[in-house]
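[1] give me a 3D structure for the following:
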Amino acid sequence: MSLLTLATISDALPKGLRYPLLAGAIALAVSWVLTPHVRNLAIHKGAIDDPNRDDRRIHKEPLPRWGGIAIYAGILIALIAVLPFANPSIPFPPYLIAMLVISGGLVGIGALDDLYQYKAKIQALLLLLAGVAVQLFYDPIGMARVQINTLGIPLSTPGQYIALGALAIPLTAFYIFVVTKTMDTIDGVDGLAAGIAAISAGTLVLIAAYSGQPRVAIVAATIAGSAIGFLKHNYNPAKIIMGTGGAYVLGFMLACISIVGAFKTAAAVSLLLPVLVFGVPIFDAFFVITRRLMSGEPITQADKRHLHHTLLGKGLSQRQTVWVLYAAAATLCAVALFMVRSK
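    All right, here's what the predicted structure looks like:
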C-alpha cells in the first residue's frame, strides 16, 4: 500500500479517530508478532497451564501462559510511538506513567503467580494496593487523575452528582479491583477474555472520541489493538493463554482509563457506563458469587459456575460459547454508546 493511499485513508477518517486507529494498529502488530516469542519463553521457563490441575480447565493439552507480556508490550510500544506526535506538549502525564508502571508490575506479579500460584488473599491485596497507588499521580495542568471523585445520578438533570470526598480513594481502589479481577475470572475459555477486553476497549475509544478526550481514546485503542493481536494466537484452539498477568494488565488498564474517560461524561449516564461496558465480566462475577453464597461456599472457592461453564454445559462448543458472550458484551456496549450519543 502506497504512502499516498495511506494518506487518503487518513484524510477520510474522522479527525478524532486518526491517532487512536494508528495506535491500535501498532499495538495489534506488536502483540501479534511478539506472542509466539513469548510462547517459546514460557515453555522454556516452565510457565505451563496443566489441564489436569483441576476440573475447571477446558483445554485438554498443556498450554504456555505469560501472554500478558506480549499484550503489555503492544500497549507500551504503541503509546511510545504515537503519543509524542498526538500530544507533543505533555505526551505522558503523571497518571498515565503511573498506569503503565503499575500495570507492568502487575504483569510481573502475574507471571510469578503463573509459576507459584499465590493465594487469593495475596492477589486481592496486591490489586487493591495498585488501585490506591495509581491515584497518587495526576496531571498538574489538566488535573486528570485516576480517581472517582463524584458519582453522577442516573436520569438526573445536568449538574447533579454525589461528591465522594474521603471515600474517593477506597471506592476507586475497589472499582479497579473488581474490573481487574473479573477480567481474570472470565478467562476460562479460549479467546474469551481477550475478545471481551477488545470490545470494551473499542467502546471506550468511541466514548472518548465523542466526548473530546483524545488521549483516553488513544490509550483505549492500544488496549483493544493489543488484545486483538494476542487473540490471533489465543482463539480456539489456543496456542497460548494470557495467564494472570494478561488478565491483570487488561483489567487494570481498562478500569483506569474508564475512570479518566467514561466517568467524566454527563452525570445522567456516567455511573451506568462502566456497568454496561464491563457488563459481561461483572455479571459473571455477580452470578458466581451469588450461587456460591446460596450454597454456603466461600466466595473465593474455584468452581465451574461461571457463565462460560454454564454455556458449555448446555452443549455449546468453545467457539459458540465465546461468540454468545461476545454478542452479549457488544449489545451492552452498544447501549452505552447510545446513551452517550443521547445525553
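[2] where does the stretch 1-150 of the chain dip in pLDDT?
    Scanning the stretch 1-150 of the chain with the threshold set as pLDDT under 70 gives 1-15, 52-57, 142-143.
[3] go again with 50.
    1-12 (pLDDT under 50).
[4] how about the strands of it, start to end?
    Ranges of strands in the stretch 1-150 of the chain, per DSSP state E, counting those that start in this stretch, are 48-49, 63-64, 150-152.
[5] deepest of the ones you listed, which one?
    Highest mean neighbour count of the strands of the stretch 1-150 of the chain: strand 63-64, a mean of 24 (counted as mean count of other C-beta atoms under 10 Å). C-beta coordinates here come from the backbone N, C-alpha and C atoms, glycine included.
[6] partners of it in the sheet?
    The strands that strand 63-64 pairs with in its sheet are strand 48-49 (antiparallel) (by DSSP bridges).
[7] which residues are contacting the strand it pairs with?
    Strand 48-49 is contacted by residues Ala42, Arg57, His59, Pro62, Leu63, Pro64, Arg65, Asp114, Ile241, Gly243 when judged by C-beta atoms under 8 Å, 6 or more residues apart in numbering.
[8] tell me how many other residues crowd the first one.
    So that's Ala42. If you count neighbours by other C-beta atoms under 10 Å, Ala42 ends up with 24.
[9] was I right about Leu127 contacting Lys181?
    Yes - the criterion here is C-beta atoms under 8 Å, and Leu127 meets it with Lys181 at 6.4 Å.
[10] so what's the residue count around Arg291?
    When neighbours are defined as other C-beta under 10 Å, Arg291 has 15 of them.
[11] excluding chain neighbours, what is closest to it?
    Arg305 (4.9 Å; C-beta to C-beta, 6 or more residues apart in numbering).
[12] and that neighbour, which of the three is it?
    Secondary structure, DSSP: H, G, I helix; E, B strand; the rest coil: Arg305 is coil.
[13] now for it, how many residues are close by?
    By other C-beta under 10 Å, 18 other residues sit near Arg305.
[14] contacting residues around it?
    Applying C-beta under 8 Å, 6+ apart, we find Arg305 in contact with Phe287, Val288, Arg291, Arg292.
[15] retrieve the pLDDT associated with the second one.
    Meaning Val288. If you check Val288, the pLDDT there is 85.
[16] doesn't it lie inside a helix?
    Yes - the assignment for Val288 by three-state DSSP puts it in a helix.
[17] the spatially closest residue to it that is not a sequence neighbour and Gln123, how far apart?
    Leaving out its chain neighbours, the residue that sits closest to Val288 by C-beta to C-beta, 6+ apart is Arg305, at 4.9 Å. Here the criterion is C-beta to C-beta, to the nearest Å. By it, Arg305 lies 19 Å from Gln123.
[18] picking that back up, adding distance to Thr150, write the contacts of strand 48-49 out as CSV.
    Shown next, in CSV, are those (distance: C-beta to C-beta, whole Å):
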residue, distance to Thr150
Ala42, 43
Arg57, 43
His59, 44
Pro62, 48
Leu63, 43
Pro64, 44
Arg65, 39
Asp114, 38
Ile241, 38
Gly243, 36
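[19] now, which of the residues you listed sits nearest Ile71?
    Looking at those and their distance to Ile71, the nearest is Gly243, at 9.8 Å (C-beta to C-beta).
[20] can you tell me how far that closest one is from Leu63?
    In terms of C-beta to C-beta, Gly243 sits 10 Å off from Leu63.
[21] do Ala81 as well
    As judged by C-beta to C-beta, Ala81 and Leu63 stand 30 Å apart.
[22] my read: Gly24 touches Ala221, true?
    Yes - at 3.7 Å, Gly24 counts as touching Ala221 under the criterion of C-beta under 8 Å.
[23] so what sits against both of those two?
    Counting by C-beta under 8 Å, 6+ apart, the shared contacts of Gly24 and Ala221 are Val205.
[24] rewinding a little: so what's the residue nearest to Arg291 scoring on pLDDT?
    Note for Arg305: predicted pLDDT of 77.
[25] got the buried residues for the longest helix along the chain?
    Longest helix in the chain by number of residues (criterion: DSSP state H): helix 15-45. Applying a neighbour-count criterion of 16 or more other C-beta atoms under 10 Å, one finds 16-32, 34-35, 38-39, 42-43 buried in helix 15-45.
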